[in-house]
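K.L.:
Kindly return the folded structure for what I paste below:
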Amino acid sequence: MLKFLYGVLLTLGMVVGPCAQAASVLFLNPGTPAEAFWASYSQFMQAAATDLGMDLRIQYSDRVSENTIRQAREALQGDHRPDYLVFVNEQYIAPEILRLAKGSGVKLFMVNNALTADQMKLIGARPDKYPDLLGSLVPNDEEGGYLMLKELIRQHGPVAPGQTIELLAFSGLKITPSAQYREKGLRRALAEHPEVRLRQLVYGGWTRQRAYEQARLLFKRYPQTSLVWAANDEMALGVMQAYVEAGGVPGKGVLFGAINNSPAALQALLDRRLSVLLGGHFTLGGWALVQLHDYDEGVDISQYGGRDRQIPLLQLIDRAQARRLLAMGATQDFGVDFHKLSAKGRPASWRYPFTLQTLMH
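P.N.:
Take a look at the predicted model:
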């Protein structure tokens, strides 16, 4: 009888054991908790982790890449290693993290900025060389930069032959792939519109204060400016502040465009101070957890869209969507059933439905 009970308990232990141990994930957030984008990013990720029964920890690096490297080293070489490390190739730190991860047994996943083409050449990033690198999810940054300027030009309307539309552009950090791609999209739109004259492009470092200081000088230097392209919301709001202080009315004299659906940016769109807003990529971390949860359950995630995927999350947000997103952020309930997005048991033709529409259903 005892032998039988022991056998039953052993069987139960084998069943209960793996289930009781939630997969642990550490996300190295490159921003600060005060940045609306990275705060909402973490919120959405936490909603996914809670729904999927994963153990998520988030550490912020406050935009200092050395902090991220230190956090990665502690996580990968310390005693309490996570099952998964999720990180951003911000300021080109990915090769160093890949090096630190060798032999750690921790699986890696990149979001927002993946390995650049040059980095892949340098480190020979073949799947067999870094078997612990499971993949990456990045947004359509180049298209985002392109769509923003195209929509600003459309809203401005045509000009008489020989007339020009003057533009100021505020990019992020030179050493961030997402800034480079957004800028590339800006240049693509400019090539299609010779009537638009880019007076100056500056690097606002993603921050409101820096962009505000730059804009105070630039509006004096280029008083005919009628369009402002900003690679994120913080910079757009800083530039807007400088414009208001100079006596301007955003949305009237100058049309502003930005990326990121922070509450302040969504409100600015509703107030028509912001004319163009793109967003949706704050969901990337949450979508990444869906894939990691699938991987943990034995799903070959590369079958459902490839190891390294770019998804068209950056799209123009209209005012109705802005209201929906504001309400979601206020309740911190995104209303997504993350389990339903799993690839488990799906046919090979199926693809993960990671879009803004999934959120807005």
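K.L.:
Quick check: mean pLDDT of stretch 154-166?
P.N.:
For stretch 154-166, mean pLDDT rounds to 96.
K.L.:
In that stretch, which residues are buried?
P.N.:
H156, I165, E166 (16 or more other C-beta atoms under 10 Å). Where you see a C-beta, it was placed from the backbone N, CA and C, and this is true even at glycine.
K.L.:
so where is the chain shaky, pLDDT-wise?
P.N.:
1-20, 125-128 (pLDDT under 70).
K.L.:
how about the strands in it?
P.N.:
Under the criterion DSSP state E, the chain contains strands at 24-29, 55-60, 84-87, 107-111, 133-139, 165-171, 196-203, 227-230, 255-259, 276-279, 308-311, 315-316.
K.L.:
Could I get those in JSON lines, plus columns for distance to A36?
P.N.:
Shown next, in JSON lines, are these (distance: least, C-beta to C-beta, whole Å):
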{"stretch": "strand 24-29", "distance to A36": "13"}
{"stretch": "strand 55-60", "distance to A36": "14"}
{"stretch": "strand 84-87", "distance to A36": "20"}
{"stretch": "strand 107-111", "distance to A36": "18"}
{"stretch": "strand 133-139", "distance to A36": "17"}
{"stretch": "strand 165-171", "distance to A36": "17"}
{"stretch": "strand 196-203", "distance to A36": "20"}
{"stretch": "strand 227-230", "distance to A36": "14"}
{"stretch": "strand 255-259", "distance to A36": "12"}
{"stretch": "strand 276-279", "distance to A36": "11"}
{"stretch": "strand 308-311", "distance to A36": "22"}
{"stretch": "strand 315-316", "distance to A36": "19"}
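K.L.:
Any idea which of the ones you listed gets closest to R324?
P.N.:
Nearest to R324 among the strands of the chain is strand 276-279 (11.7 Å), distances taken as C-beta to C-beta.
K.L.:
Show me the contact partners of the closest one.
P.N.:
144, 147-148, 151-152, 155, 233, 255-261, 265-266, 268-269, 314-317, 322, 325, 356 (C-beta atoms under 8 Å, 6 or more residues apart in numbering).
K.L.:
Next step: those restricted to helices.
P.N.:
The members of the contacts of strand 276-279 that map onto helices under DSSP state H are 144, 147-148, 151-152, 155, 233, 265-266, 268-269, 322, 325, 356.
K.L.:
Is it correct that L325 is in contact with I317?
P.N.:
Yes: in this structure, L325 is within contact of I317 by C-beta atoms under 8 Å, at 7.1 Å.
K.L.:
Please identify which of the two sits among more neighbours.
P.N.:
L325 (26 against 23; other C-beta atoms under 10 Å).
K.L.:
what's the burial count for the residue nearest to T68 when sequence neighbours are not counted?
P.N.:
Distances taken as C-beta to C-beta, 6 or more residues apart in numbering put S61 closest to T68, at 4.2 Å, once the chain neighbours are dropped. Neighbourhood size, S61 [other C-beta under 10 Å]: 23.
K.L.:
cool, and the one 4 residues further on?
P.N.:
Here the number of neighbours of S65 (other C-beta under 10 Å) works out to 15.
K.L.:
what's the answer for V244, then?
P.N.:
V244, neighbours per other C-beta under 10 Å, totals 12.
K.L.:
Tell me how many other residues crowd the closest residue to it other than its chain neighbours.
P.N.:
Nearest-residue entry for V244: P250, 6.8 Å, with adjacent residues in sequence omitted and distances by C-beta to C-beta, 6+ apart. Around P250 there are 22 other residues, counting by other C-beta under 10 Å.
K.L.:
how close does P250 get to F219?
P.N.:
12 Å (C-beta to C-beta, to the nearest Å).
K.L.:
can you check L274 too?
P.N.:
L274 is 17 Å from F219, by C-beta to C-beta.
K.L.:
more neighbours, those two?
P.N.:
Set L274 next to F219 and count neighbours by other C-beta under 10 Å: L274 wins out with 27 against 20.
K.L.:
Surely that one is in contact with P250?
P.N.:
Yes: the criterion here is C-beta under 8 Å, and L274 meets it with P250 at 7.2 Å.
K.L.:
follow-up on the earlier one: select only the buried ones of the contacts of strand 276-279 in ChimeraX?
P.N.:
Buried residues among the contacts of strand 276-279 (16+ other C-beta under 10 Å), as a ChimeraX selection:
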select :144,147,148,151,152,233,255,256,257,258,259,260,261,265,266,268,269,314,315,316,317,322,325,356
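K.L.:
Quick check: neighbours shared by L274 and P250?
P.N.:
Joint contacts of L274 and P250 (C-beta under 8 Å, 6+ apart) are M240, F256, A268.
K.L.:
Give the bridge partners for the residue nearest to V244, please.
P.N.:
Listed beta-bridge partners, P250: V254 (assigned using DSSP bridges).
K.L.:
Tell me how far it lies from E35.
P.N.:
Distance from P250 to E35, by C-beta to C-beta: 21 Å.
K.L.:
and which of the ones in helices among the contacts of strand 276-279 is nearest to Y84?
P.N.:
Out of the ones in helices among the contacts of strand 276-279, the member with the shortest distance to Y84 (by C-beta to C-beta) is L356, at 24.9 Å.
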